[in-house]
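# Give me a model of this one.
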Amino acid sequence: MTHVAVWGYALAAVAFFLFGLYVAAARRGQGAGNMLLLALAASTLWCVTSVFASSGLRYGALLQGLATVLRDGAWLWFTLGLVRQIDGSRRRWPRRVTIGVIGVRFVTLLLAAFGIAALGDPARLGILAQLFAAVFSLVLVEQLYRLLPAESRWGLKPFCLAIAATSVFDLYLFADAFLFGGIDPEIWSIRGLVHAMVLPLIAISAARVPGWAIRLSVSRELVFHSTALAVSGVYLLVVAAAGYYVRYFGGDWGRALQIALFFTGAVVLGVVAFSGAQRARLRVFINKHLFPYRYDYRAEWLKFTRALDAGEGGHDLGQATIAALADLVESAGGGLWMDGGGGQMTLRARLNMPEAEATEPSDSALCRFLAREGWIFNLEEFRIRPGTYGALRPPRWLSELPDAWLVVPLIASDDLIGFVVLLAPRTPVEINWEVLDLLKTAQRQAASYLARMQVAEALIEARKFDAFNRMSAFVVHDLKNLVAQLSLMLRNAEKYKDNPEFQADMLETVAHVEHKMRDLMQQLQKKTAIDRDRPVELGQMLARIASHRSQYRPAVDVSVPEAPVWVRANPERLERVVGHIVQNALDATDDDGMVSACLSSAGEDRAIIRVSDTGSGMTPEFVRDQLFKPFHTTKASGMGIGVFEARQYVRELGGDIVVESTPKVGTTMELMLPTTGPADPAQSEANS
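Numbering: from 1, shown residues only. So this is what the prediction gives:
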């Protein structure tokens, strides 16, 4: 029995220590929780010294005796404190007797330690004192339970049962020891385990009584898995007993039948364990009978939020919303109807539900009821008590929908954006006020996610239209420039049509316009990689721009350095941007004026294209406030897009545009661009 005692008290010491750690971490402020912590610490010390005493260590018995007095005194004082909290008469005898019992226990321990037999056998006196302490502990528990109001006994009933059980065990132990002149080692060896076995009851009372100021709670998931494990264990024990019975009485077929029974039992257990309906029944049973509220709201809310977040970041937020709402009531799935435009609620998502073509007008009686009342429409309740919903009658498609059960409105900012039809649950679920409140609260959050999704979709669509409109404006702007070149050529054709040089220039202009229009078409159709950047030599680009505008007056004076200057850009887009700056200078300058385009280097990594004219110029206010804004222009037939596009693209390349202008004097625009080296100059120019 020595090994049993050592291991028993050691396990009990671990149990008391771990529970004491939790109480120390969970307690708040002052109150009964401090005394409970002291009692648990004394119990841990008592178990440890009992291990020493069982192992035969020197002074182990004395230490165990002192720890026993401390432990019994701590629990008696803790129980006395609970009695005094609810005893309005302020009786003094319980406190005096408690102090007397602890004092007598201490005196008898000293008499036994020093072998003083003046009052009789010190060992028997010690047993008698412990017997009296056990009886008095029962008296205190009886007083505590009797003083409690009937409506308040639910909280302390587990604690009273725990202290009464350990006191009865001690009463039996020490009564037997007093009658037979010594403590039974077999009973004493399991005393530590007996006292540790009542810790769950004490923990339950600590969770139920707010006055103990301890945040103790039992996780529903832990209870669910523990209950499932316990049920599985009982089931396996029953199967094992049946197998043993079959083998014992089965004769020659006994072992074969036993193996068949074990296999069948394992298969049945696996089917039940992986059955969603069976898990739902067990969860409903636990929430209904073991907890005051059906839901652990913190866990449910975190799970609901995670489900919506996963849907928001995944492929289908609608299915995630259905699954999150269905899990709250053990539903198998359902469908989501939302307003898709045109005043019709259409099926947007479904989960474990067949496809349905049903639509519901946004102003129908059902939608008005859901939006006005915010109620959960229970089809099962409607079939039993239709008067609950007044004159409302569900639409025909909803009544004919297989397994339709609940209609949950989705309300965001007091507007009905849709509703979810949940299918029948896997196990019978009572729809009470708690379920309805949880669904109403959850649908608000789900509706906010779906409303945000609708806003995001509308914003994306608006951005697509904006991008299309902007692209159309740029295309129209480029077409306007090309039409201007063709118009100028036609105006000069009557005068110079017989001039061979004009004919050659006309053919070159037509070829240039055809090339630009083809590029625009390809860009719109996205059939070629037009936006791919490559090295561009700025000097040759300026020469081409001047050549394409050779029919304009005044002619563009181009000045470039001898050494080539390279930038990395889209050749067509950069030429269009610089060409627009040059075209603006030509449009603003009279025939007898001057337009120049000069290229120069500003350091090792910077190039400057300076376009100057002696035209009409612009005011400083216009340059500062309107020049680079779209749809603002000084030209009567202009669109105000070109300069805006020019600065946007130059800044994309890492450069900028600086403007100096004076009315009736002229304008100078400097395009500063980062330079680079050519990867393959010959190929770059050939492709440009």
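# Next secondary structure after the one helix or strand H3 maps to?
Under the criterion of DSSP states H and E, H3 resides in helix 2-26. Later in the chain than helix 2-26, the nearest helix or strand by DSSP H and E is helix 32-54.
# For that next one, list the C-alpha coordinates in CSV.
This file holds the C-alpha atoms of helix 32-54, laid out as CSV (Å, rounded to 0.1, in the frame of the first residue of the first chain):
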residue,chain,number,x,y,z
ALA,A,32,-13.6,34.6,-0.6
GLY,A,33,-11.3,33.8,-3.5
ASN,A,34,-8.2,34.6,-1.3
MET,A,35,-9.3,32.2,1.4
LEU,A,36,-10.0,29.6,-1.3
LEU,A,37,-6.5,30.1,-2.6
LEU,A,38,-5.1,29.7,0.9
ALA,A,39,-7.1,26.4,1.4
LEU,A,40,-5.8,25.0,-1.9
ALA,A,41,-2.2,25.9,-1.0
ALA,A,42,-2.6,24.2,2.4
SER,A,43,-4.1,21.1,0.6
THR,A,44,-1.1,21.0,-1.8
LEU,A,45,1.3,21.2,1.1
TRP,A,46,-0.6,18.5,3.0
CYS,A,47,-0.4,16.1,0.0
VAL,A,48,3.3,16.7,-0.5
THR,A,49,4.1,16.1,3.2
SER,A,50,1.9,12.9,3.0
VAL,A,51,4.1,11.7,0.2
PHE,A,52,7.1,12.2,2.5
ALA,A,53,5.4,10.5,5.4
SER,A,54,4.4,7.5,3.2
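# re earlier: can you mark which positions in the helix holding H3 are buried?
5-6, 8-10, 12-13, 15-17, 19-20, 23, 26 (16 or more other C-beta atoms under 10 Å). From N, CA and C alone the C-beta is placed, and that goes for glycine too.
# Distance to A326 added to those residues, as JSON lines?
Formatted as JSON lines, the buried residues of helix 2-26 follow (distance: C-beta to C-beta, whole Å):
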{"residue": "A5", "distance to A326": "54"}
{"residue": "V6", "distance to A326": "54"}
{"residue": "G8", "distance to A326": "49"}
{"residue": "Y9", "distance to A326": "51"}
{"residue": "A10", "distance to A326": "49"}
{"residue": "A12", "distance to A326": "46"}
{"residue": "A13", "distance to A326": "47"}
{"residue": "A15", "distance to A326": "41"}
{"residue": "F16", "distance to A326": "44"}
{"residue": "F17", "distance to A326": "44"}
{"residue": "F19", "distance to A326": "39"}
{"residue": "G20", "distance to A326": "43"}
{"residue": "V23", "distance to A326": "39"}
{"residue": "A26", "distance to A326": "35"}
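# Which strand or helix spans A113?
If you go by DSSP H and E, A113 is part of helix 93-114.
# buried ones in that helix?
94, 97-98, 101-102, 104-109, 111-112.
# Can you pull up the most central residue in this protein?
What sits nearest the mean C-alpha location of the chain, by C-alpha atoms, centre = their mean, is R306, with 3.7 Å.
# Where does that one sit: helix, strand or coil?
With DSSP: H, G, I helix; E, B strand; the rest coil as the basis, R306 sits in helix.
# and the gap between it and V536?
Distance from R306 to V536, counting by C-beta to C-beta, to the nearest Å: 52 Å.
# repeat for I431
72 Å.
# now swap in A165 and tell me
Distance, A165 to V536, by C-beta to C-beta: 92 Å.
# If you count surrounding residues, which of these two has more?
Between A165 and V536, counted using other C-beta atoms under 10 Å, the more crowded position is V536 (24 against 16).
# ok, the strand or helix carrying the more buried one: who's next to it in the sheet?
Secondary structure from DSSP H and E places V536 in strand 534-537. Note on strand 534-537: by DSSP bridges, its sheet partners are strand 566-569 (antiparallel).
# Could you identify the helix or strand that succeeds the partner strand?
In N-to-C order, the element after strand 566-569 by DSSP H and E is helix 571-588.
# Run the chain-centre distance for that following helix.
Chain-centre distance of helix 571-588: 52 Å, with C-alpha atoms, centre = their mean, to the nearest Å.
# can you pull the buried residues of it?
Judged by neighbour count (16+ other C-beta under 10 Å), helix 571-588 contains these buried residues: 571-588.
# pretty sure V658 is in a strand, no?
Yes. If the criterion is three-state DSSP, then V658 is within a strand.
# The closest residue to it other than its chain neighbours: neighbouring residues, count only.
Among residues not flanking V658 along the chain, E670 sits closest, at 4.5 Å (C-beta to C-beta, 6 or more residues apart in numbering). E670 has 18 neighbours, counted by other C-beta under 10 Å.
# What of W75?
So W75, with other C-beta under 10 Å, has 24 neighbours.
# Relative to L82, how far out is it?
Distance of W75 to L82, given as C-beta to C-beta: 11 Å.
# which helices and strands does the helix or strand hosting L325 pack with?
L325 belongs to helix 317-328 when assigned by DSSP H and E. With contacts defined as 3 or more C-beta pairs under 8 Å, 6 or more residues apart in numbering; DSSP states H and E, helix 317-328 has these neighbours: helix 297-313, strand 334-339, strand 344-351, strand 415-423, helix 433-496.
# quick one, which of those is nearest to P678?
Set against P678 and scored by C-beta to C-beta, the helices and strands packed on helix 317-328 come closest in helix 433-496, at 27.2 Å.
# following the closest one, which helix or strand comes up?
helix 500-525.
# List the buried residues for that next one?
For helix 500-525, a neighbour-count test (16+ other C-beta under 10 Å) marks 502, 505-506, 509, 512-513, 516, 519-520, 523 as buried.
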